[in-house]
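Enquirer: here is a sequence together with a model predicted from it:
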Amino acid sequence: MKRIITLLALCILSLSLAQAQSYIVDDNLIDSASVYTIRWSKDQTIEVPGEEAFKLPMGHVVQVQRTLRGNSDYTAFYYLGELYAISSRYLLFSPDNPEGVEDILGDTSSRTNHTTLGRFFGTMTPYWIIASLFVAAIAFMFLGLTFTLLRRIALYVVPVCILLASLLEVWAFWIMGNEAFWWCDKELYGFWGSLFRAIPFVLFVAYQLVSIRLYERLLLGDHARRRASLKPMAISLAICVPLTAGMVMLCSAINASETLTQVLTILTLALSLGVGLFLSTWRNVQAMGRNRGLSFTAFALVYMIASLVAVYGLVLILLRLVVQIALIVGAIYVAVLAFKKGKARTETMPEVARVDHSVDRESLPESSTSGPIEVGAEEEA
């Protein structure tokens, strides 16, 4: 009987191991993944992660048994004989799995945090490149505006630097989405770390917003504001997304077919963006000539898209820090207010009347002024 039970246990264990799949703990932003206990939800319908039990380093291999019941965002695996849960986001299907074994989590290798580009934008390298390009653009911009001999060099260096930095910004956001601003994430670096990282970002965004006007002056002289056309293109960029989203919502409300929705959406986007782009291009060609006008408009278009991405990232970062910033500003305001009230109260306090103990020697009798007054003489009198 004992042999039969042992054989059954071995069979069950073998089947369990056969069903388990090897996954590598992997991510492009963090160095360890949290592992949780497993518990049931309050309504007892799905399994959810409980308390954090420990962390696993990147590169650790786990044998995944299944996803949590009713919750595919987490997977269950055995560790030292206990069943734990880990986020499916941090698991990459191992190439050591036998042939024919399917990835139960989908194509994990195509997820951004496991791709080559995801790893690249998960390092500081592209962001240091962007910062260096902007610093170079700032330096050559002011050198070109100050020294006539360097103006011709600056005319080529400045737009190339800004264009490359803008393309990297757009590319990072295209690949990473909101996680493109991970380097300023409060969850990774804390409040003060994120705040100190946000300060130079604010300065770069401010320069990025004004650099187009400075380049106009460098390119066209003091009359750049009157000759270059940016407003129509800027308006089109500002309204194209809301108009397109509105068209999608309208098509959904009237139950339009998928084909009609796609056609109307593309037309709305093309018209809202194309009208302003055409007007700016035409005016710039008239003012600068064909080649220079087309080049300036193309540069301005990429610049504006990158500026929108940068402003969006700045707003996103500030919103993540808004509560702490509000608390700090509020504390400073209360402290300053209390200091001012205390100072005002001190200034308005009535002066204490002082008793004048000085003696008018002229009003004293001659006997008093002729010599020292003997102590106790007055009492004897």
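Expert: Ah, there it is.
Enquirer: low-confidence ranges in the stretch 1-150 of the chain?
Expert: Confidence mapping of the stretch 1-150 of the chain against pLDDT under 70 gives the ranges 1-19.
Enquirer: could you redo the last one with a cut-off of 50?
Expert: 4-18 (pLDDT under 50).
Enquirer: check what contacts stretch 214-223 and list those residues.
Expert: Identification of contacts with stretch 214-223 by Cβ atoms under 8 Å, 6 or more residues apart in numbering yields 141, 144-145, 151, 154-155, 158-159, 162, 224-225, 227-228, 287-288, 292, 296. No exception for glycine: its C-beta is placed from N, CA and C like everyone else's.
Enquirer: just the buried residues of it, please?
Expert: 214-220 (16 or more other Cβ atoms under 10 Å).
Enquirer: among the residues you listed, which has the minimum pLDDT value?
Expert: Ranked by pLDDT, these bottom out at Leu220 (71).
Enquirer: report the separation between that residue and Arg292.
Expert: From Leu220 across to Arg292, the span is 9 Å (Cβ to Cβ, to the nearest Å).
Enquirer: Ile175 now?
Expert: Separation of Ile175 from Arg292 (Cβ to Cβ): 33 Å.
Enquirer: more crowded one of these two?
Expert: Neighbours per residue, other Cβ atoms under 10 Å: of Ile175 and Arg292, the larger number sits with Ile175, 17 against 14.
Enquirer: the lengthiest strand in the chain pairs with which strands, parallel or anti?
Expert: The longest strand of the chain (DSSP state E) is strand 47-57. Strands that pair with strand 47-57, judged by DSSP bridges, come out as strand 32-40 (antiparallel).
Enquirer: any idea which element Pro198 lies in?
Expert: Pro isn't right for residue 198; it's Ala. Using DSSP states H and E, Ala198 falls within helix 186-220.
Enquirer: chain center to that helix: distance?
Expert: Distance, stretch centre to chain centre, for helix 186-220: 12 Å (Cα atoms, centre = their mean, to the nearest Å).
Enquirer: and stretch 286-303, by the same measure?
Expert: Centre-to-centre, stretch 286-303 and its host chain are 31 Å apart (Cα atoms, centre = their mean).
Enquirer: likewise for stretch 250-257?
Expert: Stretch 250-257 sits 35 Å away from the centroid of its parent chain (Cα atoms, centre = their mean).
Enquirer: hey, C-alpha coordinates of that stretch in CSV?
Expert: Extracted in CSV, the C-alpha atoms of stretch 250-257 (Å, rounded to 0.1, in the frame of the first residue of the first chain):
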residue,chain,number,x,y,z
LEU,A,250,-19.3,60.3,-32.6
CYS,A,251,-18.9,57.3,-34.8
SER,A,252,-19.3,55.1,-31.7
ALA,A,253,-22.4,57.0,-30.6
ILE,A,254,-24.1,56.5,-34.0
ASN,A,255,-23.0,52.9,-34.3
ALA,A,256,-21.1,53.5,-37.5
SER,A,257,-19.4,50.6,-39.2
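Enquirer: show me where the stretch 151-300 of the chain has its strands.
Expert: Counting by DSSP state E, counting those that start in this stretch, the stretch 151-300 of the chain forms no strands at all.
Enquirer: show me where it has helices.
Expert: Per DSSP state H, counting those that start in this stretch, the stretch 151-300 of the chain has helices spanning 151-176, 186-220, 224-227, 231-253, 258-288, 290-348. These are given in chain order.
Enquirer: next, the angle helix 151-176 makes with the last one.
Expert: Meaning helix 290-348. Here helix 290-348 runs at an angle of 80 degrees relative to helix 151-176 (axes from the mean of the first three to the mean of the last three Cα atoms, to 10 degrees).
Enquirer: same for helix 290-348, what does it pack against?
Expert: helix 151-176, helix 186-220, helix 231-253, helix 258-288 (3 or more Cβ pairs under 8 Å, 6 or more residues apart in numbering; DSSP states H and E).
Enquirer: give the buried residues for the longest one.
Expert: To tie it back to what came earlier, the one meant is helix 186-220. In helix 186-220, counting by 16+ other Cβ under 10 Å, buried: 186, 194-195, 197-198, 201, 204-205, 207-208, 211-212, 214-220.
Enquirer: residues contacting the nearest residue to Phe120 once chain neighbours are set aside?
Expert: Excluding the flanking residues, the one nearest Phe120 by Cβ to Cβ, 6 or more residues apart in numbering is Pro126, at 6.5 Å. Contacts for Pro126 (Cβ under 8 Å, 6+ apart) come out as 120, 168, 172.
Enquirer: buried members of those into ChimeraX, please.
Expert: Buried subset of the contacts of Pro126, written as a ChimeraX selection, criterion 16+ other Cβ under 10 Å:
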select :168,172
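Enquirer: how about the contacts of Pro126 in CSV, adding distance to Gln44?
Expert: Formatted as CSV, the contacts of Pro126 follow (distance: Cβ to Cβ, whole Å):
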residue, distance to Gln44
Phe120, 44
Leu168, 49
Ala172, 43
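Enquirer: could you break this structure into its assigned domains?
Expert: Split into domains by the TED database, the chain comes to 17-114, 116-229+239-330.
Enquirer: mind putting those domains into a markdown table with distance to Lys340?
Expert: Output for the domains of the chain, formatted as a markdown table (distance: least, Cβ to Cβ, whole Å):
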| stretch | distance to Lys340 |
| --- | --- |
| domain 17-114 | 45 |
| domain 116-229+239-330 | 16 |
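Enquirer: nearest to Leu337, out of these?
Expert: Set against Leu337 and scored by Cβ to Cβ, the domains of the chain come closest in domain 116-229+239-330, at 10.4 Å.
Enquirer: hmm, back to that, and of the helices of the stretch 151-300 of the chain, who's closest to Ile38?
Expert: Of these, the one closest to Ile38 (Cβ to Cβ) turns out to be helix 186-220, at 23.4 Å.
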